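Novice: Got a predicted model here, sequence first, then my questions.
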Amino acid sequence: MKADAAETLSLGSNGPYRGRCAVLATMHGKEATIAPPFAERLGLSVEIPPGLDTDSLGTFSGEIARTGTIEEAAIAKARLGMAVTGVTLAIASEGSYGPHPQIPFIAAGFELMVLVDDDRGIVIREHLIDESPTYEHANAESVRELDGFLSRIGFPDHAVIVRPNGPDGSAPPIHKGIRSSADLQTAIEDCATRSDDGRAFVQTDMRAHMNRTRMATLGRLAERLAARISCLCPTCRTPGYGLTGVDKGLPCSWCGGPSILVRHQILGCVSCNHVERRARPDGLTHADPGQCPTCNP
């Protein structure tokens, strides 16, 4: 192996986590999609702690507000699992859904997953943006008004949450995990009578076990994180070597000035100070003038 090139462990190699067990901090069935990539790629199995209440750190439905950043929440989940089991290796994820950061009129999700390794004193992170989530809401007086909404979200494969309609999204009562038309109608009637406008607020239930689209997204993210963990730092051989940032300013093909496009990827180690800059993986060396603030102000 060259000193300036990261080593990627093969599937059959005896990597640093082969034969180990990590606690997976979840109460929403995420092990179904997260466990397989870690087992197949790293030989790492997962343990689900019984009775773990990750909702105590924040809920999608808003009754308990998440504190801190999404990364801090994911690490807190992992450490909660470690505290319950005494295991020094933990996996956890956290998600956030709302308007797309660049296209506000469509929905998007941001998912982050971490592996916390207290033996090595490291946290390995990976994330992805889901630009096609099953994430939507509507309000109604009865279930008959929701035919289009329910069809779009794939109900009942994707469950819904119902609460009173109004400015306070966390107002009780909150009915979660609804997967039948009868239960939905009952919840709407209950919440509509408690709302000032006589309508109920209905939204997709974003908990992983209630939203198969999100569960599939977590599976893709688990594959990314497992692949990253399999990359060892070329200097200290710590697992988790990978992308940490980018340098923008790819030269414009007309004026040669910096464009808004990425010029280099920045790779780094989660343990030592080794940093590497790599050219764009698509081989592009110059930007279209339309991406240049000088040529296309």
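Specialist: Perfect, I can see it now. Numbering: from 1, shown residues only.

Novice: quick one: the strands in the stretch 1-150 of the chain?
Specialist: Under the criterion DSSP state E, counting those that start in this stretch, the stretch 1-150 of the chain contains strands at 7-8, 21-24, 45-47, 89-99, 107-117, 122-130, 137-140.

Novice: show me where the stretch 1-150 of the chain has helices.
Specialist: 31-42, 70-85, 147-153 (DSSP state H, counting those that start in this stretch).

Novice: okay if I get these as a markdown table plus mean neighbour count?
Specialist: From N, CA and C alone the C-beta is placed, and that goes for glycine too. Shown next, in a markdown table, are those (neighbours: other Cβ atoms under 10 Å):
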| stretch | mean neighbour count |
| --- | --- |
| helix 31-42 | 19 |
| helix 70-85 | 20 |
| helix 147-153 | 15 |
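
Novice: Would you mind telling me which of these is nearest Ser259?
Specialist: Distances from Ser259 to each of those were compared by Cβ to Cβ, and the smallest falls on helix 70-85, at 29.6 Å.

Novice: that older thread, of all the strands of the stretch 1-150 of the chain, which lies closest to Gly268?
Specialist: Closest approach to Gly268 among the strands of the stretch 1-150 of the chain is made by strand 122-130 (11.5 Å; Cβ to Cβ).

Novice: Strand 89-99 and the closest one, what's the angle between them?
Specialist: Computed by axes from the mean of the first three to the mean of the last three Cα atoms, to 10 degrees, the angle separating strand 122-130 from strand 89-99 equals 30 degrees.

Novice: Show me what strand 122-130 is packed up against.
Specialist: In terms of contacts (3 or more Cβ pairs under 8 Å, 6 or more residues apart in numbering; DSSP states H and E), strand 122-130 is packed against strand 107-117, helix 212-229.

Novice: Could you report the distance from the spatially most central residue of the chain to Pro37?
Specialist: The centre of the chain sits closest to Glu111, judged by Cα atoms, centre = their mean, with a distance of 1.2 Å. From Glu111 across to Pro37, the span is 14 Å (Cβ to Cβ, to the nearest Å).

Novice: shaky segments in the stretch 1-150 of the chain?
Specialist: 1-5, 10-13 (pLDDT under 70).

Novice: Leu184 is in contact with Ser142, isn't it?
Specialist: No: Leu184 is beyond contact range of Ser142, at 9.6 Å (criterion: Cβ atoms under 8 Å).

Novice: Those two: who's more crowded?
Specialist: Leu184 (24 against 13; other Cβ atoms under 10 Å).

Novice: that's a helix at that one, yeah?
Specialist: Yes: counting by DSSP: H, G, I helix; E, B strand; the rest coil, Leu184 is found in a helix.

Novice: re earlier: out of the strands of the stretch 1-150 of the chain, which comes closest to Pro234?
Specialist: Ranking the strands of the stretch 1-150 of the chain by proximity to Pro234 (Cβ to Cβ) places strand 7-8 first, at 7.0 Å.

Novice: Contacts for that closest one next, please.
Specialist: The contact list for strand 7-8 (Cβ atoms under 8 Å, 6 or more residues apart in numbering) reads 1, 227, 230-232, 234, 237.

Novice: quick one: that strand to chain centroid distance?
Specialist: 25 Å (Cα atoms, centre = their mean, to the nearest Å).

Novice: Tell me which strands that strand pairs with, and in which orientation.
Specialist: Strand 7-8 sits in its sheet next to strand 231-232 (antiparallel), going by DSSP bridges.

Novice: related to what we said a few turns ago, Gln291 is nearest to which of the strands of the stretch 1-150 of the chain?
Specialist: strand 122-130 (20.2 Å).
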